[in-house]
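# coordinates only, sequence not included:
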Ligand SMILES: Nc1ncnc2c1ncn2[C@@H]1O[C@H](COP(=O)(O)OP(=O)(O)OP(=O)(O)O)[C@@H](O)[C@H]1O
Ligand SMILES: [Mg+2]
């Protein structure tokens, strides 16, 4: 009976459903996208590794603090896992006929000038061969460890260990390969290589570094390291000849988290509004038909329908419409989330289950409440009074 | 046997205000089972008001009403709906079919509310529609039917439940005289089969087809006489 009534009131049923579909789908898609972005940033930071302390130092007298900082950090071995300068060399890498200048997708990589603890500081793991050693650094060994993507580009499936490649015209021996990190925000994370930082002089004609990364053991250690290193550098760097800055990625991440939470709130608000608009739409349609329905209820009562049976009929009718709308809304929301996730983040995003169900529950309850409203009111009237509505 | 007993009934709208209307102003009325009663009177004399109260679609402001010996004024909504479903078949001047349902479904609804099982409904609905000559229009919606056809669907809906009383409020008011006559014939044959029939009409020719004529004026019965001696 309720089915017949739904079919017979196609427009009303459809509009009601539409309100629910749009509200539910909008909430799911919007909130999922924000969560997707959150997740992506988290992944990125986690791939870099947490508990990193960055040191920037600028010296006007050309003094290099690399050795001093390196040694100081090694002494903090209960707090620090590793330390490395952050220097880069940009230049063509060649292996036989393959040259990174010819790579249409990624072009020329930046090659990191790192210490033997570069991989520790940047969360790289060795996939094959060996890592850069302390002696490599001290002895100016022309060795290189390749990132997974760069290795793949230059060597394909060939074993690169022991092969000679040319970096900026200088010969380097490949001693190892890092495992792929993957990464959606920064695909270059695997399209890289590391050489001992003492190659700086040869590659960049430069002796000094201004940026360093220290990897602390824990987030508590991070704070302690910042304090200690700040103290150490205060003694080391004469403020007349330079200045320095010590900060951690953790605070960065916290700020980013904060920003994401704000975004979630804003978009959640927008989603809530769309749900509300959908709800008002439902309400309107239901109220507009109150008169028409009141008369129908009058007829039903006049021919013997009890209040209870009429209420049940309206309840089923509203539930079916709103339930269908809710299900379609979820489908559309999931589909929209998948498509938008793919388009915007190149990620497979899954909507939040609790949130989706919440959105459905909200609009279904709203729809049923307003679907029931005329029935509750009209079925309490004397049949004549209900019949008079026109 | 008494089917209807209305004792000193009043229906007063806006009581105590300037615009107070006494639609019924002290009506007492007894109708026996099997009677065919016409209620006549000028427009506004209270005919529909009386009929609505007799059909349990409305309640009197004051007064008592017994249907089948039961006091209607103390009944719950569920009991009233049972009475409307089982005992009363109502035919309205304005048809009052549900526009979104087909003729068949409109008639079936009365059986659904009576709790008749689905397997038995089809035959009874078709029988009722055949009775009013509309079996071939079962799938039409009210908007696809003429006024006379709609009224006959309404009659089918009223008679399908085999009610003890059929009440018709100007069932021919919106119809031409030939169609009106058909409807009257239907009511007469239902009465012949034992149903009590109460008919409101403006048309004295139609009223004269009944056994008893009650004339209302200003909410009061001013005339009540029998044409043929039919008593239960
Ligand atoms: N809801 C209402 N509020 C106020 N007055 C009403 C209401 N319903 C009916 N009346 C008044 O009660 C009186 C009797 O109305 P009723 O409908 O019973 O007349 P009727 O005899 O059926 O007239 P008609 O032949 O035109 O159908 C009228 O004066 C009418 O205006
Ligand atoms: Mg009337």
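Received it, and whenever you're ready, just let me know what you need. Keep in mind the model is a prediction, meaning the values are calculated, not measured. Ligands and ions are numbered 1, 2, ... in the order given.
# which intervals of the stretch 201-350 of chain A have sub-threshold pLDDT?
Low-confidence segments of the stretch 201-350 of chain A (pLDDT under 70): A:250-256.
# which SSE is residue B:65 in?
strand B:62-67 (DSSP states H and E).
# correction: residue A:280
Assigned by DSSP H and E, residue A:280 falls in helix A:249-288.
# one more: residue A:227?
helix A:219-236.
# so what angle separates the directions of the helix holding residue A:280 and helix A:219-236?
130 degrees (axes from the mean of the first three to the mean of the last three Cα atoms, to 10 degrees).
# got the buried residues for helix A:249-288?
For helix A:249-288, the neighbour count (16 or more other Cβ atoms under 10 Å in any protein chain shown) marks A:249-250, A:253, A:256, A:260, A:264, A:267, A:271-272, A:274-275, A:278-279, A:281-283, A:285-286 as buried. All C-beta spots, glycine's among them, are computed from the backbone N, C-alpha and C.
# tell me the helix or strand right after that helix.
Downstream of helix A:249-288, the first helix or strand assigned by DSSP H and E is helix A:290-302.
# just checking, what packs against the following helix or strand past that following helix?
Proceeding N to C from helix A:290-302, the next assigned helix or strand is helix A:307-340, under DSSP H and E. Under the contact criterion of 3 or more Cβ pairs under 8 Å, 6 or more residues apart in numbering or on different chains; DSSP states H and E, helix A:307-340 touches helix A:2-8, helix A:10-48, helix A:290-302, helix A:353-379, helix B:77-86.
# so, in contact with chain B or not, the second one?
Spelled out, that is helix A:10-48. No - shown here: helix A:10-48 not in contact with chain B (Cβ under 8 Å from any Cβ of the partner chain), separated by at least 9.8 Å.
# quick one, that helix and helix A:353-379 angle?
Going by the same axes, to 10 degrees, helix A:10-48 is angled at 160 degrees with respect to helix A:353-379.
# pull the number of nearby residues for the spatially closest residue to residue A:93 that is not a sequence neighbour.
Among residues not flanking residue A:93 along the chain, residue A:100 sits closest, at 4.6 Å (Cβ to Cβ, 6 or more residues apart in numbering or on different chains). Using other Cβ atoms under 10 Å in any protein chain shown, residue A:100 has 22 neighbouring residues.
# counting by contacts, list what the longest helix along chain B packs against.
For chain B, the longest helix by residue count, based on DSSP state H, is helix B:177-192. Helix B:177-192 sits against strand B:36-41, helix B:147-159, strand B:165-169, strand B:196-200, with contacts defined as 3+ Cβ pairs under 8 Å, 6+ apart.
# between those, which one is nearest to residue A:121?
Relative to residue A:121, the nearest member of these by Cβ to Cβ is helix B:147-159, separated by 85.7 Å.
# which parts of that closest one are buried?
Neighbour-count burial for helix B:147-159, counted by 16+ other Cβ under 10 Å, picks out B:148, B:149, B:150, B:151, B:152, B:153, B:154, B:155, B:156, B:157, B:158, B:159.
# same question for stretch A:377-390.
A:378, A:379, A:381, A:382, A:383, A:384, A:385, A:386, A:387, A:389.
# give me the phi and psi for residue 171.
I went with chain A, as the question did not name one. phi -80, psi 130 (degrees, to the nearest 10).
# other chain: chain B
The phi/psi pair for residue B:171 (degrees, to the nearest 10) reads phi -70, psi -20.
# neighbours of the residue lying closest to residue B:84 once chain neighbours are set aside, just the number please.
Nearest non-adjacent residue to residue B:84, counting by Cβ to Cβ, 6+ apart: residue A:304, 4.6 Å away. Residue A:304 is flanked by 27 other residues according to other Cβ under 10 Å.
# ok so, going back, and the helix holding residue A:280, what does it pack onto?
Using 3+ Cβ pairs under 8 Å, 6+ apart, helix A:249-288 sits against helix A:10-48, strand A:52-59, helix A:353-379.
# just send these back as TSV, with mean pLDDT and distance to ligand 1 too.
Output for the helices and strands packed on helix A:249-288, formatted as TSV (pLDDT from 0 to 100; distance: least, Cβ to the nearest ligand atom, whole Å):
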stretch	mean pLDDT	distance to ligand 1
helix A:10-48	78	28
strand A:52-59	86	81
helix A:353-379	81	16
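# can I get the ones you listed in JSON lines with distance to residue B:188?
Below are the helices and strands packed on helix A:249-288 laid out as JSON lines (distance: least, Cβ to Cβ, whole Å):
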{"stretch": "helix A:10-48", "distance to residue B:188": "42"}
{"stretch": "strand A:52-59", "distance to residue B:188": "100"}
{"stretch": "helix A:353-379", "distance to residue B:188": "35"}
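# then residue A:212 would be within a helix, right?
No - per DSSP: H, G, I helix; E, B strand; the rest coil, residue A:212 lies outside any helix segment and is strand.
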